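Trainee: Show me how the following folds:
(chains A and B)
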Amino acid sequence: MKTFIIDDDYISIYLTKHALREAGTPGDIFSFLSAQEALTTILQAKPENIPDIIFLDLNMPGMSGWQFLEALAPYKNRLLDKCQIHILTSSLDLADMARSEEFEIVSGFIHKTIDQANIKAIIAQIEEQAGLEKFTAG
Amino acid sequence: MQDSNGNRILNHVMTYSMDMICTIDVAARFIQVSAGFSQLLDYGREEMEGQFVRNFIHPDDPGKILETPPFINTVKSTTSFEGCYLHKNGQKVTLLWSVVWSEVEALYFCIARDTSCQRAAAEELPQRKELLHLTLAHGADMLALLDENGHYLYVDGTAVENLGYQPEQFIGLNSFQLIHPADLSKVQEIFTSIKRTQAAAKISDFRIKTAGGQYRWVETTISNQLHNPAIRAIFISTRDITERKEAQLKLEQSEQRFRSLFENNPDIVFFLNEAGIILDANPAFLSFANKQKEEVVNYSLYDFLPPEVLPLIKQKHEEAFSGKKVCFDIDINLENLGPKVLSIVKVPLVAGSSVEALHVVIKDITEVTQAHRIIEQHAQRLNTIFESITDAFCTLDKDWNFTYTNSEFDRVLQIKRHEYLSKNIWAVYPEEVQGIFYQQYHQAIATGKSVHFEAYLQKCNICLEVKAYPSEEGLSIYFNDITEKIVARKELEKLSLIANKTFNSTIITDAAGRAEWVNEGFTRNTGYTLSELIGRKPGDLLRGTETDTEELRRIQEKLKAGVPFNSTLLNYKKTGEPFWVSMDISPVFDEAGNITQYIAIHKDITAQKEAEANLVKMSRDLYQQNRDLQQFTYIISHNLRAPVANALGLSKILTGIEKESTEFDTSLNYLQESIFRLDDVLKDINLILSVRDRKDVIEKESLNLAAVCRQALEDLQQPLRQCHGLINLAIPEAHQVQANRAYIYSIFYNLLSNAIKYRAATRTLQIKIQASVNAQGATIIQISDNGSGFDTKKAGDNIFKLYKRFHENREGKGLGLFLVKSHVEAMAGRIAVASQVDVGTTFTIYLNE
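Mentor: Residues are numbered from 1 along each chain as shown, chains lettered A, B, ... in the order given. Model prediction:
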């Protein structure tokens, strides 16, 4: 399992990584301070290297979280089954939450800071889905 | 000798014998004629000798024996026969001949005796029988026998007494004496001829004198019976035909009269058969058609008529031939005669049960018709004149009876013609007796002078304006309904009161827009008096430099369109002071729909306009406030919360881990950093709020731009030195600007520090700072660098927004440009930016515009 954290705030990344580890998230965790960098990585990745979970900050210099989502939109079919994107923001603005719902590839909206319950629920959901897929394949 | 002796004797006999002796040769010529013979026939011997016998034989001669040779064959020996010979005077002489043929002489020797007397005696007896026979044959009223000279020999018959004579009075009388002198020659002629021919003849229609000296019409059959041995007279059988003759004469006279009527009729008269052929035409016809009779008679009438009238003419022709008299008028355009109006009467001439012909009478009624038409036209024109009088009109006779009205009269008074015509006006409108109409009309009649008045007509509930003109016939009255006018006039009085007393300006212009009247309010509001404005276009005085020309153009269009409209316009008072007016302009139309005037009401809305302007400013401020509030929401939701959230997270970690671990130290450092960040944001907010709140109260002073800029550069000495940045300060030393010192400093400081912060890593930073004053007196400051620049398209309108950053991995929180803009705007200036990625960025600031 592969997890990406996209956030320009290194303290926030530190906190998210800590929470993910505490919750026992399997696999590798990659963090990006620039959304542009993360986008390039994802678009160039082989299918098996596409992350299972992306935690995405919205307010970033350069490419913002919104611009990142818009840039991924053309590839959503490639990502929908493989990857869950969770917005992780300090914003309390309801307008941001409403806007995130316009993006099909966004699976969740989490206010900072993320806690273990959030992470566990996400992981459980992913594992269940993986199990179902295995069952279907078997 | 013997012969000559014999001849001598014969000659002697021939000369002296009283007997009638003659010799005739084989060619039937008299060779010798005795004197007795020639005397008997009253010829000389030389007249007869050598002549053919036949020349002397009477036509009545029964045997004609001596007429033509060779009677020798018939008379070989001595023969006796009777023959009739002609006396020189034409009378018949009957001779008894003895003829002997002499072979030696080749001559007939003839000896004759006159047997006339013998014959007369022999005829005496059967005469009466014959008379009876003739009477029966001729059925006459009067019978007579005449001698060869016309003397009466015998008279009998019923008519004799009718003539007033006794039969014996006739005897010896010459019949010609009784004949009317006018008829005499005719009778004599026939009488003479009858004696020659011996054939019976009829003398028709002549007059015989009665005993009373009058004349009776008779007809006579005359028969020469002189040769009739039984009669030896000229027999006449006469019938009295006076009555028939008189009837006939009457008929003739009547015919003559009719003929005369036909010939002399001034109207065109002619006869037509069924095929339309002209049987006869009178001189009037010929003169009208300008033709000779033979050019017309036996020609078809239709040949003389233009084709367009033929259907009607033929139809009428057929109607008449069905036995009906037809009369009709026709307009006809005749060749050479021009247009004519003809009155035509066609009368069928009935013989037995069928129509034989038509008697056609045509009157040229062109002139009459024209005259009639002219009269009709005159009457029509007069009527039209009356009807075209737009006023209601009527005439009254001396007895106050209505004699004429036009249709407007009926319309205005809501009355039908039969309800009043020929009736007394005071019977139709009894309630008006002694009223104004009554008094005025009586006055007009009494004085002979016209009257002009306005009055209320009770029955119709209307007000009338009346003009009445007395004349010899009575009274001519013109009037019209002025009810509306009176109502309008009263209304106008009220309105003008309002117009005059209202605070608003009221202007009345003519159709061309020139002022006719303004109220006191206008003078009060603009300073212009009525006399200054009258005859001029109000706009020429009221418009000024700031007046909206587009709106003026719209006003012109609306005026032309003739519709009421409203317009808001900046006008100028006489003092030059501008003021806003709301104008309501309405066109006034006459009855024909033409614009006669415009009415404009101007309301001073300057206060309202100012309030509006304030409102606009207020809403602009509100918008600004709202925008700021959004920024604050954002700051609070993100920039303020981000460090708080971090602090919360970190504090949670700190409570759950070993104090001595590296993680604890990291978390603690991060916690501290988060708190500092929180403090920074709070400081920023304070800064922003302070700029905003002092916007209205900033102190401006005259600054030396270059000096302020140098101060900012001094404070940035360290980072500049670190990056070896080159500064080109091109602000003129003397350039002073009216501004707030702190803000100008902040602007220079932030823009310069940005230029250092976002310099291009690959080249030495160069910054150019310049300032100038444009034509309008505004200060323009420009700060350009050769830094990394940014994509202006991507940045959009976010470039000057709070906490917007466009460079990753660079120090900066997106406050600088926000502050710069806030400071510029606080001094009522504006800022613009131009940038190109990896080329550089230029900020331009406009102050005191």
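
Trainee: Tell me who's in contact with the residue most central in space within chain A.
Mentor: Central residue of chain A (CA atoms, centre = their mean): A:I54, 1.6 Å from the mean position. Contacts for A:I54 (CB atoms under 8 Å, 6 or more residues apart in numbering or on different chains) come out as A:3-6, A:38, A:42, A:83-86. The C-beta positions use only the backbone N, C-alpha and C, and glycine is treated the same way.

Trainee: In helices, which of these appear?
Mentor: A:38, A:42 (DSSP state H).

Trainee: With neighbour count as new columns, can the contacts of A:I54 be given to me in a markdown table?
Mentor: Putting the contacts of A:I54 into a markdown table (neighbours: other CB atoms under 10 Å in any protein chain shown) gives the following:
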| residue | neighbour count |
| --- | --- |
| A:T3 | 23 |
| A:F4 | 21 |
| A:I5 | 25 |
| A:I6 | 28 |
| A:A38 | 23 |
| A:I42 | 22 |
| A:C83 | 21 |
| A:Q84 | 20 |
| A:I85 | 25 |
| A:H86 | 18 |
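
Trainee: Could you dump the contacts of A:I54 into a markdown table with distance to chain B added?
Mentor: Listed next are these as a markdown table, based on distance: CB to the nearest CB, whole Å:
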| residue | distance to chain B |
| --- | --- |
| A:T3 | 17 |
| A:F4 | 17 |
| A:I5 | 13 |
| A:I6 | 12 |
| A:A38 | 12 |
| A:I42 | 17 |
| A:C83 | 23 |
| A:Q84 | 22 |
| A:I85 | 19 |
| A:H86 | 16 |
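
Trainee: could the contacts of A:I54 go into JSON lines alongside distance to B:R259 and pLDDT?
Mentor: Shown next, in JSON lines, are the contacts of A:I54 (distance: CB to CB, whole Å; pLDDT from 0 to 100):
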{"residue": "A:T3", "distance to B:R259": "149", "pLDDT": "93"}
{"residue": "A:F4", "distance to B:R259": "146", "pLDDT": "94"}
{"residue": "A:I5", "distance to B:R259": "148", "pLDDT": "95"}
{"residue": "A:I6", "distance to B:R259": "143", "pLDDT": "95"}
{"residue": "A:A38", "distance to B:R259": "143", "pLDDT": "94"}
{"residue": "A:I42", "distance to B:R259": "140", "pLDDT": "92"}
{"residue": "A:C83", "distance to B:R259": "140", "pLDDT": "88"}
{"residue": "A:Q84", "distance to B:R259": "141", "pLDDT": "90"}
{"residue": "A:I85", "distance to B:R259": "138", "pLDDT": "93"}
{"residue": "A:H86", "distance to B:R259": "142", "pLDDT": "94"}
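
Trainee: Go through the contacts of A:I54 and name the one nearest B:N848.
Mentor: A:I6 (46.5 Å; CB to CB).

Trainee: beta partners for the closest one?
Mentor: For A:I6, the beta-bridge partners are A:F32, A:L56 (DSSP bridges).

Trainee: Do you know the pLDDT at residue 7?
Mentor: Let's take chain A. We note a pLDDT of 93 for A:D7 in this prediction.

Trainee: that answer is for a different chain, and I need it for chain B
Mentor: pLDDT for B:N7: 71.

Trainee: The closest residue to B:W217 other than its chain neighbours: neighbouring residues, count only.
Mentor: Leaving aside its sequence neighbours, B:W217 sits nearest to B:K245 (CB to CB, 6 or more residues apart in numbering or on different chains; 3.6 Å). When neighbours are defined as other CB atoms under 10 Å in any protein chain shown, B:K245 has 19 of them.

Trainee: So B:K245, which state does it fall into?
Mentor: helix (DSSP: H, G, I helix; E, B strand; the rest coil).

Trainee: wait, it sits on B:D205?
Mentor: Yes: using CB atoms under 8 Å, B:K245 is in contact with B:D205, at 6.1 Å.

Trainee: between the two, what contacts are shared?
Mentor: Residues touching both B:K245 and B:D205 (CB under 8 Å, 6+ apart): B:W217.

Trainee: before we move on, back to that, check the gap between the residue nearest to B:W217 and chain A for me.
Mentor: Distance from B:K245 to chain A, counting by CB to the nearest CB, to the nearest Å: 143 Å.

Trainee: Buried ones in the strand or helix carrying A:A124, by neighbour count?
Mentor: Assigned by DSSP states H and E, A:A124 falls within helix A:116-137. Residues A:118-119, A:122-123, A:126 are the ones in helix A:116-137 that count as buried (16 or more other CB atoms under 10 Å in any protein chain shown).

Trainee: Same question for stretch B:306-315.
Mentor: Applying a neighbour-count criterion of 16+ other CB under 10 Å, one finds B:309, B:313 buried in stretch B:306-315.

Trainee: same thing with stretch B:166-180?
Mentor: B:170, B:175, B:178-179.

Trainee: Please identify which residue in the stretch 251-400 of chain B comes closest to chain A.
Mentor: As assessed by CB to the nearest CB, chain A sits closest to B:T390 within the stretch 251-400 of chain B, at 77.0 Å.

Trainee: Quote the end-to-end distance of stretch B:425-443.
Mentor: 16 Å (CA to CA, to the nearest Å).

Trainee: related to what we said a few turns ago, the residue of the stretch 251-400 of chain B closest to chain A touches B:N406, doesn't it?
Mentor: No: B:T390 is beyond contact range of B:N406, at 9.6 Å (criterion: CB under 8 Å).

Trainee: ok, those two, which is more surrounded?
Mentor: The residue with more neighbours, out of B:T390 and B:N406, is B:N406; 21 against 10, by other CB under 10 Å.

Trainee: okay, and for the stretch 701-849 of chain B, where does confidence drop off?
Mentor: Counting by pLDDT under 70, the stretch 701-849 of chain B has low-confidence residues at B:806-813.

Trainee: one more time with 80, if that's ok
Mentor: Scanning the stretch 701-849 of chain B for pLDDT under 80 picks out B:794-798, B:801-815.

Trainee: Please enumerate the strands of it.
Mentor: B:701-704, B:726-730, B:736-739, B:766-773, B:779-785, B:830-836, B:840-847 (DSSP state E, counting those that start in this stretch).

Trainee: what's the second one in contact with?
Mentor: So the one you mean is strand B:726-730. With CB under 8 Å, 6+ apart, strand B:726-730 has contacts from B:706, B:709-710, B:713, B:720, B:764-771.

Trainee: Which of these are buried, as a ChimeraX select command?
Mentor: To isolate the buried ones among those in ChimeraX, judged by 16+ other CB under 10 Å, type:
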select /B:706,709,710,713,720,765,766,767,768,769,771
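
Trainee: so which strand or helix has residue 97?
Mentor: You didn't pick a chain, so chain A it is. Using DSSP H and E, A:M97 maps to helix A:94-100.

Trainee: sorry, should have said chain B
Mentor: strand B:92-102.

Trainee: Parallel or antiparallel, list what pairs with the next helix-or-strand element following that strand.
Mentor: Counting by DSSP H and E, the next helix or strand C-terminal to strand B:92-102 is strand B:107-114. With DSSP bridges as the test, strand B:107-114 is paired with strand B:20-25 (antiparallel), strand B:92-102 (antiparallel).

Trainee: Which residues are in contact with B:L847?
Mentor: Contacts for B:L847 were tallied using CB under 8 Å, 6+ apart; they are B:737-739, B:778-781, B:824, B:827, B:829.

Trainee: Adding distance to B:P306 and mean pLDDT as columns, could you present the strands paired with strand B:107-114 in TSV?
Mentor: Below are these laid out as TSV (distance: least, CB to CB, whole Å; pLDDT from 0 to 100):
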stretch	distance to B:P306	mean pLDDT
strand B:20-25	83	80
strand B:92-102	74	74
